[in-house]
Structures are given as C-alpha cells and as structure tokens.
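J.: Here is the input, now give the coordinates:
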Amino acid sequence: MVDLVVIALLSAAAGAIVWGTDRKHRHTYGELLPAGIAVAAALLTWIITVAAGLGYQPGLTWIPWIASLLVGVVLSTTATQLLGRRRTAFERAHMTVILRQY
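T.: Just a heads-up that it's a prediction; the model follows:
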C-alpha cells in the first residue's frame, strides 16, 4: 500500500512538472489535468505489472516502479500536448467566428 502512495505522489509531482514546462498550451487546460493523468496511468501500470508477477521477486522489484513512473510521464505529456493543440485550434476558430460577426 505504501508503494501506491509513493508512486501516486511521485506521479503527481511529475504531472505538475509537465504542466509547468508546457508554456505554450498550459493556459488551455487545468493545472491538475497532467497530474491526474500521470497518477491514473502510473497506478494502473503498477497494478498490472504487479498482477503479472513482476513485483516482489528478487531482481524484478524495480520494474513496477520504473515502468509506472515512465508510463505516467509519457501519457501525461502526450495527452496534454494533444489536448493543448486541439483546444488552441478550437479557441482560435471560435474567436474567428465571433469576430467575423461584428
């Protein structure tokens, strides 16, 4: 259980770093979105790897930790980049329509 808490905290911190480094699109989504995606992905990955038998065995205990943190950061970065681009394009198109009416 402590493993899950530590992984959740580390993933949340990594998600906050992803939000902080995305200066171009971070105004289009909330501050907690990258952290939430990172935590959900990391915990799900940890559960899957431990259920697959890769945890709590000599020589394999590092796999759930590293894999879950990597998956969390990668999915958080990918999701925020895709969402940021789409939201920026949508807002630009929406503002263009509004400005053309006046």
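
J.: spatially speaking, which residue is in the middle of this protein?
T.: residue 76 (2.1 Å; Cα atoms, centre = their mean).

J.: so what's that one up against?
T.: By Cβ atoms under 8 Å, 6 or more residues apart in numbering, the contact set of residue 76 is 14-15, 18, 34-35, 37-38, 41. Quick note: C-beta positions are derived from backbone N, CA and C, even for glycine.

J.: Show me these that map onto helices.
T.: If you go by DSSP state H, the contacts of residue 76 have 14-15, 18, 34-35, 37-38, 41 in helices.

J.: Going by distance to residue 94, which of those wins?
T.: Nearest to residue 94 among the ones in helices among the contacts of residue 76 is residue 34, at 23.6 Å by Cβ to Cβ.

J.: My guess is that closest one contacts residue 79. True?
T.: Yes: contact criterion Cβ atoms under 8 Å: residue 34 and residue 79 qualify, at 7.5 Å.

J.: any chance you could map the helices in this structure?
T.: 2-21, 32-51, 62-101.

J.: residues in contact with residue 28?
T.: 83-84, 87-88, 91.
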